[in-house]
Each structure stands twice: as structure tokens, then as C-alpha cells.
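A structural model of the following input is requested.
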Amino acid sequence: MKALFKVAGLAIAVSLSAMAVADSATGKGTQIERVFAFNGAMPTGVTVTESGRIFVNFPRWGDDVPYTVAEIVQGKVVPYPDLKTNVEDPKNPAAGFISVQSVVADGHGRVWILDTAAPRFSEPKAGGAKLVAIDLTSNKIVKTVVFPPEVMLPSTYVNDMRFDFRVGKEGIAYVTDSSVSGPGAIIVVDLASGNATRRLSGVKSTSVDPSFTPVIEGKPALVTKNDKGEAGLLSVASDGIALSSDGQTLYFCPLSSRHLFSVSTALLRNPSVSDTELEKAVIDLGEKGASDGLEADANGAVYAGDYEHNAIRKRLPDGQWQTLVEDSRLLWPDTLSIGPDGYLYFTANQLHRSPGFNDGQDKRVKPYSLMRIKIDAKPAQTH
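Numbering: from 1, shown residues only. As a prediction, the model looks like this:
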């Protein structure tokens, strides 16, 4: 059904389909709501602003993607900030959006766009991988930070990001490099200067777990073939990322792993801390399930998708895990975002059913979904 609901005073028309599931231990009894159904391109990212606006993105992986960033407005997907900005400018790669992987509202009146500049996981186009900030009042671009070439390897695929405006002149961005063919890393970006450094590049915590074989819907998943027709697994490095509400701890995980890791952001930002020292400071927090997206709330909890079990899990501040939702309709929970209304929003996009993992057959069944569950928590603070 269609419903008009208010998020922080903003009325938004969306399609709400209530689906009952889980208690906190097993995932039975929680109500899932479908906020939006996508009948076009496959979405990955979602973010909900402090005023309740909802933004999504569609990477250019092979679907017909007329615009790679959009806002959900009165039950429709509208290119954001406009259609022109969603078109690559070959003469100026820093201008138009090439292929956006993530959108994140910063709690500071802006939404940030993470442009991989790597459609179909190609080598990123020189000068095209960037962070773009759009002012939510004017809907105009107010800042563009192009990743410097020293942090962009030919294999780099910038994936997700978190922000902290309590440090640095204009704040810091933490970005995962989720390479499928090279080293993973955390890229630390000074938003004022645009200076960036690769940290934890190629270490265990940002790398593919060599023993990991995902199983989804009862069979080995992410099986792809190389140019010789040889089967193998798509192996994805550091992907999910979350920042604690006090800004002191960064949580992250490779997509091809079931482990959650954390590290002190003070050490991560400190250039005098060597890579060896930093690697020793990383904490392996144990298994959480295989995740794409992560998120943190204002109360010290961390949320993680579990794409092998169609689930969303929650790590309590004491380290215990709960299953919030486990339901067969949560096919590949991707990005997570906490809205000002106390709901956790997430996309479910059936990534594992894509043609590249099924001998060229597209086994995805539209629509893809944007869903939410009530968690009664606020987003982590950024300033």
C-alpha cells in the first residue's frame, strides 16, 4: 500500500509493505517495511538525512543506469541533484558522476557522493574518483575532493565512507578500498586540503579471507569466470565501514570474510604511526556473518548485514550479537543507514543473482527493495 509518513517533520510518500519477522535472538517478530520498490536499475547505497530525505545510488555495473544518484520524492525516483550532473564529462572527469557506489548524509546539512570512476569495476578513470558534497538546502554542489593519484591504484575501487567533523579544519573522511584484484585499504582524506593516505593497505584486516567461500540460497555464491572460462570466486577486500558516535573507533570488514575489525581513528590519522604499528593496533572482533554494509548508532551498537543468511545483525556495546531480522526476502542486504525516526534503512538488491555469477543468466527478480526496521536508536554523531 502507499502511505504518507513523517520523518523528522518531513512528509514522504512511499510504498509500505509490512512483513512480520523475529525476536532479538532469532529474528522472529520484528516488522519489516518495504519503503520503496525499484523496477529499474539495481541500487546499492541508501542514506537518510537528518530531515528525513532519502537518497539512493545505482552503480554503473551493467544495468541501464540513466542516473547514478537519485532522491526518492513522493514515491518516485528523481535524479539528484539533476540529470546533467549524472552524466560523465569526458573532458573533465571531476565534474559529472561516472559511477557512484555510495551516498552518505553527514548530519551537517549535506549529502556526500562517492564516485568510483570505475564503471563495471574497470580501472578508475584518472581524475574521476572523487567525493562530492551537495548542500541539502540549495541542492547545489559545494565541494569536490578528487582522490590524489598516490592513493588510487589501478585496482582501487572506493566503496563506502564515513565522516568526522570534530577533527581537522573541515573534517576527515574514511573510505574503504574494496578492490577485487589488488590490496584493500582504508583511505583517510583531509577534506580541507584534499590530502589523502592509504592505511592498512593489503594487511589481513582489509584483505580477502582466503578460506572464505560464501553460500547463499543453499549454494556456493559469487562464482564467476575469467577470460579463459575458469570458474572462481569474486573476492572483495575491505568494504563495510562504520564510525563510532564518539569518532574514536572505526569498524570495517572485507566483503569476502565473516570477521569484523576495529581500529583507533587517532592512530589511523597519525602519520607518525607506522603501517606495522597500525596493523598491530587492529582488533579482530570475531565473526559476525558475511557483510556488505555496516552502520553504528548513537548508543554504541554496530549493525551488519549478513548476506549468507538474509539477515541484519546488531552488535551490542558489550560485544554480544543479536539477530534483528532473518527473512528470505532480504536477498543481499547491502547498505545500511539510520534515519532520524529511529529506523534502520537498508537496500536488498539480489546482487548474487546477477548475470556475472550465473553463467550470464540474470536471475534477479524485480523489484529490488528499500526496507526499514524499527531500532529505536539515533544515528552516530559526526560533529
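
in the stretch 101-250 of the chain, which spans are strands?
Along the stretch 101-250 of the chain, counting by DSSP state E, counting those that start in this stretch, strands occupy 110-115, 130-135, 141-146, 158-164, 172-177, 185-190, 196-199, 215-216, 219-220, 223-225, 231-233, 238-243, 249-254.

Of all these, which one is nearest residue 366?
Shortest distance between residue 366 and those, using C-beta to C-beta, is found for strand 215-216: 18.4 Å. C-betas here are computed from N, CA, C, even on glycine.

What's the mean pLDDT across that closest one?
Across strand 215-216, pLDDT averages out at 96.

which one is residue 379 nearest to, not counting chain neighbours?
residue 338 (4.3 Å; C-beta to C-beta, 6 or more residues apart in numbering).

Who are the contact partners of the one you found?
48, 295, 297, 303, 344-345, 375, 377-380 (C-beta atoms under 8 Å, 6 or more residues apart in numbering).

For residue 178, give its distance to residue 218.
Distance of residue 178 to residue 218, given as C-beta to C-beta, to the nearest Å: 26 Å.

Next: residue 175.
Residue 175 sits 34 Å away from residue 218, going by C-beta to C-beta.

And these two? Which one has more around it.
Higher neighbour count among residue 175 and residue 218: residue 175, with 27 against 6, using other C-beta atoms under 10 Å.

Check that one and give its pLDDT.
pLDDT recorded at residue 175 is 98.

Residue 191 is in contact with that one, correct?
No - using C-beta atoms under 8 Å, residue 175 is not in contact with residue 191, being 11.3 Å away.

if I look at these two, which residues touch both of them?
residue 131.

So for residue 354, which of the strands of the stretch 101-250 of the chain sits nearest?
Closest among those, once you apply C-beta to C-beta, is strand 223-225, at 9.6 Å.

What residues of the closest one count as buried?
223-224 (16 or more other C-beta atoms under 10 Å).

Check which helices and strands it is in contact with.
strand 231-233 (3 or more C-beta pairs under 8 Å, 6 or more residues apart in numbering; DSSP states H and E).

buried stuff in the strand it packs on?
For strand 231-233, by 16+ other C-beta under 10 Å, it's residue 233.

SS state for residue 85?
The three-state label given to residue 85 by DSSP: H, G, I helix; E, B strand; the rest coil is helix.

and it, what is it in contact with?
Contacts for residue 85 were tallied using C-beta under 8 Å, 6+ apart; they are 69, 79, 96-97, 141.

Same question for residue 373.
Going by C-beta under 8 Å, 6+ apart, the list of residues near residue 373 reads 30-33, 312, 324-325, 343-344.

That one falls within a strand, correct?
Yes - assessed with three-state DSSP, residue 373 lies in a strand.

That one pairs with what?
Beta bridges link residue 373 to residue 32, residue 344, judged by DSSP bridges.

Quickly note the distance from it to residue 205.
Going from residue 373 to residue 205 by C-beta to C-beta gives 29 Å.

just residue 305 next, same as before
Distance of residue 305 to residue 205, computed by C-beta to C-beta: 19 Å.

more neighbours, these two?
A direct count of neighbours by other C-beta under 10 Å for residue 305 and residue 205 places residue 305 higher, at 29 against 23.

Find the nearest non-adjacent residue to the more buried one, please.
Distance criterion C-beta to C-beta, 6+ apart; nearest residue to residue 305, sequence neighbours excluded, is residue 333 at 3.6 Å.

what's near enough to touch that neighbour?
292-293, 305-307, 310-312, 346-348.

try 10 Å this time
By C-beta atoms under 10 Å, 6 or more residues apart in numbering, the contact set of residue 333 is 291-293, 304-307, 309-313, 325, 327, 346-349, 351, 369, 371.

Show me what counts as buried in the longest helix anywhere in the chain.
Counting by DSSP state H, the longest helix found in the chain is helix 275-281. Within helix 275-281, the residues that count as buried by 16+ other C-beta under 10 Å are 278-279.

Many thanks, I have nothing further to ask.
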